[in-house]
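Chemist: Can you look at this prediction? I've put the sequence above it.
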Amino acid sequence: MKALNAKVNWMEKYANEPHLEILVDRIPSLEELLYDVKDEYFYLAEKDGYVRFFYYKQPDEGYAGHHFHLRMKDGSEVVLKGPWSSNSGTMNRVGFTPSIEASLTDEPAAFERGYTFKAGAITVDFARKALARFVPDVSLERFDDYYWTCGLIDWARLYDYVKNIPDDKFKNNRKLADHLRYCMEIRANIPVVSGNVIFNIVKKGDVYSKQLKKDISRKKPINNPELSSEQLAIVNS
């Protein structure tokens with residue numbers, strides 16, 4: 001697989017992280033891949049910079065229960081029934097070749113119009129080489145335990161909505177707690193801890209990315225007078 005062009009979708013109107021879009025000459029098929037396994041449940045294959053991975057503990061309903069026949073590096077075959085996709089951050093954490101999610105296509109027209117890509121993953125080395133060639137003002141920064149980045153949406157409005165949730169509902173609804181943590185940490189430029197190893201797309205010399213690294217190393221707690229003590233305890237847990 002060779003990179004023919006690349007660009008960054010900055011996702012400026014959404015909460016999503018910036019995303020790398022790459023035009024390649026071809027995308028390896030499942031049959032071409034040889035898999036390795038780590039920690040019993042994590043499967044990953046890499047070919048020419050293309051990465052495919054699964055999380056599989058037992059037969060399940062991932063991919064609508066589809067059976068995947070994986071060829072292993074040791075020559076054996078493993079059948080996964082309904083595995084889950086997982087993510088590159090988790091695969092990086094367990095020790096595989098560092099990778100990052102990317103949108104791939106081997107159709108020049110799809111690359112130009114900006115949609116109908118194939119969701120996938122590539123090695124960090126492949127991504128860095130593509131960026132250096134086609135988007136030289138952008139780089140990949142490693143963030144241990146970092147999960148969310150900041151998009152251009154109305155965080156203040158979302159925060160105002162969540163902060164008015166009564167304590168009893170807040171305490172009994174972890175999803176609401178997570179939403180509040182999300183709002184507060186973006187508002188304060190403090191990263192969310194996830195335990196994974198993430199490579200984020202940033203513009204070279206970006207002050208924001210440098211500040212993130214400082215905040216991560218300090219593990220600065222959230223302290224906002226607009227929140228009750230109970231809410232603060234949950235958010236900082």
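Modeler: Arrived safely, thanks for sending. Numbers count the residues shown, from 1 in each chain.
Chemist: mind listing what's buried in the lengthiest strand in the chain?
Modeler: Ranked by residue count and defined by DSSP state E, the top strand of the chain is strand 193-203. Using 16 or more other Cβ atoms under 10 Å as the test for burial, strand 193-203 gives 194, 196-202. Bear in mind the C-beta positions are built from the backbone N, C-alpha and C, glycine included.
Chemist: Show me the chain divided up by domain.
Modeler: Using automatic domain parsing, the domain ranges for the chain come out as 3-136, 146-235.
Chemist: low-scoring stretches of the chain, by residue?
Modeler: 13-15, 144-195, 205-237 (pLDDT under 70).
Chemist: So which residues of it form strands?
Modeler: Using DSSP E, strands in the chain cover 3-9, 19-24, 34-38, 42-47, 50-55, 67-72, 77-81, 99-105, 118-123, 138-146, 193-203.
Chemist: Include distance to residue 90 when you put these into a markdown table, please.
Modeler: Formatted as a markdown table, these follow (distance: least, Cβ to Cβ, whole Å):
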| stretch | distance to residue 90 |
| --- | --- |
| strand 3-9 | 23 |
| strand 19-24 | 18 |
| strand 34-38 | 11 |
| strand 42-47 | 7 |
| strand 50-55 | 7 |
| strand 67-72 | 18 |
| strand 77-81 | 16 |
| strand 99-105 | 10 |
| strand 118-123 | 11 |
| strand 138-146 | 12 |
| strand 193-203 | 5 |
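Chemist: Would you tell me which of those gets closest to residue 89?
Modeler: Between residue 89 and the strands of the chain, the tightest spacing by Cβ to Cβ is seen for strand 193-203, at 3.1 Å.
Chemist: Direction included, what does the closest one pair up with?
Modeler: strand 138-146 (antiparallel) (DSSP bridges).
Chemist: about what we covered before: what's the closest of the strands of the chain to residue 61?
Modeler: Residue 61 sits nearest to strand 77-81 of all these, at 9.1 Å, using Cβ to Cβ.
Chemist: buried residues in the closest one?
Modeler: Using 16+ other Cβ under 10 Å as the test for burial, strand 77-81 gives residue 80.
Chemist: which helices and strands sit right next to that strand?
Modeler: Helices and strands touching strand 77-81, by 3 or more Cβ pairs under 8 Å, 6 or more residues apart in numbering; DSSP states H and E, are strand 67-72.
Chemist: hang on, the earlier thing: out of the strands of the chain, which is closest to residue 129?
Modeler: Proximity to residue 129 (Cβ to Cβ) singles out strand 3-9 among the strands of the chain, at 7.1 Å.
Chemist: partners of that closest one, with directions?
Modeler: Sheet pairing for strand 3-9, using DSSP bridges, gives strand 19-24 (antiparallel).
Chemist: mind saving the C-alpha coords of the strand it pairs with as PDB?
Modeler: Taking Å, rounded to 0.1, in the frame of the first residue of the first chain, the C-alpha atoms of strand 19-24 are listed here in PDB:
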ATOM      1  CA  HIS A  19      -8.900  13.000  11.100                       C
ATOM      2  CA  LEU A  20      -6.400  11.900   8.400                       C
ATOM      3  CA  GLU A  21      -7.800  11.100   5.000                       C
ATOM      4  CA  ILE A  22      -5.400   9.300   2.600                       C
ATOM      5  CA  LEU A  23      -5.600   8.200  -1.000                       C
ATOM      6  CA  VAL A  24      -3.700   4.900  -1.600                       C
END
